[in-house]
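>>> Let's see this in three dimensions:
(one chain, ligands or ions: 1)
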Amino acid sequence: MTAARLLIVGPQGSGKGTQGVRIAELLSVPAVSTGDVFRANVSQGTPLGQQVKAIIDAGDLVPDALTGEIVRDRLAQADAAEGFLLDGYPRNLGQVSDLDEFLDGRGEPLTAVIELVVPREESIRRIAVRAAEQGRADDNDESIAKRLAIYESETAPILEVFRGRGIVDQVDGVGSLDEVFGRIVDALAARGITATVA
Ligand code: AMP
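Reported below is the predicted structural model:
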């Protein structure tokens with residue numbers, strides 16, 4: 001069996017948040033979403049939240065140093081000792097280096113990267129649905145366009161790095177939640193990453 005030290009990557013609206021939580025639950029590892037951490041801090045009005053609110057609303061990236069510190073703190077907690085699923089981090093090449101340094105220091109590199117593939121028109125359509133349902137401040141036209149552009153210019157290149165390591169599983173993200181979930185489960189199982197039987 002291979003440890004589940006996972007990353008899920010996909011454009012905004014690819015369903016990675018929803019699928020990430022389901023996969024993490026199945027494998028009994030924590031789902032660590034930097035976007036969720038930031039949103040929780042914004043809604044609670046913490047100092048961190050006040051620091052990042054304008055950046056997030058504009059669709060820009062929070063500085064790497066700050067984001068990296070949050071992730072390292074989270075991964076150092078006991079529940080992440082056996083594995084974890086990262087959602088939304090790393091998001092650019094600098095963050096990949098930061099994460100590599102941290103995980104290599106523990107002798108625990110990522111074991112699989114799930115790339116959810118969703119056509120641009122489909123992700124825009126899904127973000128519009130989410131905007132109507134959840135009213136996220138960063139789901140406005142300008143911010144969405146910026147986030148998709150950042151995804152293509154800064155985040156997509158990280159996949160090439162992980163492809164070079166042979167750990168990327170491309171998964172078709174179009175279909176029902178259950179269909180896409182099944183595809184991810186199958187891809188991970190082929191790598192020996194499966195739920196432990198209690
Ligand atoms: P998400 O929910 O992953 O789309 O994240 C929402 C917002 O949080 C992003 O648009 C960024 O402003 C910020 N954010 C989340 N993860 C990161 C990250 N790894 N690096 C920088 N900013 C991030």
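
>>> Give me the helices and strands touching the helix or strand bottoming out on mean pLDDT in the chain, please.
Ranking every helix and strand in the chain by mean pLDDT, DSSP states H and E puts helix 120-134 at the bottom, with a mean of 87. Contact partners of helix 120-134 among helices and strands, from 3 or more Cβ pairs under 8 Å, 6 or more residues apart in numbering; DSSP states H and E: helix 141-150. Yep, even glycine has a C-beta here, placed from its N, CA and C like the rest.

>>> packing partners for the helix it packs on?
helix 47-58, helix 120-134.

>>> contacting residues around the following helix or strand past the shortest one?
Spelled out, that is helix 47-58. The helix or strand immediately downstream of helix 47-58 is helix 64-75, counting by DSSP states H and E. By Cβ atoms under 8 Å, 6 or more residues apart in numbering, the residues outside helix 64-75 that reach it are 30, 32, 34, 37, 48, 51-52, 61, 80, 84, 86, 89, 91-92, 94-95, 98-99, 102.

>>> burial of the residue in the chain positioned nearest to the ligand, as a residue count?
Nearest residue of the chain to the ligand: residue 35, at 2.2 Å (Cβ to the nearest ligand atom). Neighbour count of residue 35, defined by other Cβ atoms under 10 Å: 18.

>>> now residue 33
22.

>>> just checking, it touches residue 40?
No: if you go by Cβ atoms under 8 Å, residue 33 and residue 40 don't touch, sitting 9.7 Å apart.

>>> Near the ligand, which residues of this structure are found?
Counting by Cβ under 6 Å from any ligand atom, the residues of the chain close to the ligand are 12, 34-35, 38, 55-56, 59-62, 67, 88-89, 91, 95, 138, 147.

>>> Buried ones among those residues?
Among these, those classed as buried by 16 or more other Cβ atoms under 10 Å are 12, 34-35, 38, 56, 59, 61-62, 67, 88-89, 91, 95, 138, 147.

>>> what's near enough to touch the residue positioned nearest the centre of the chain?
Compute the mean C-alpha point of the chain, and by Cα atoms, centre = their mean the closest residue is residue 87, 1.8 Å away. Counting by Cβ under 8 Å, 6+ apart, residue 87 makes contact with 7-8, 16-17, 20, 31-36.

>>> how close does it get to residue 7?
The gap separating residue 87 from residue 7 is 8 Å, by Cβ to Cβ, to the nearest Å.

>>> swap in residue 66?
Applying Cβ to Cβ to residue 66 and residue 7 gives a distance of 19 Å.

>>> thinking again about what came up before, right, and the residue of the chain closest to the ligand touches residue 86 too?
No: checked against Cβ under 8 Å, the pair residue 35 and residue 86 is beyond contact range at 11.2 Å.

>>> With that, I have no additional questions.
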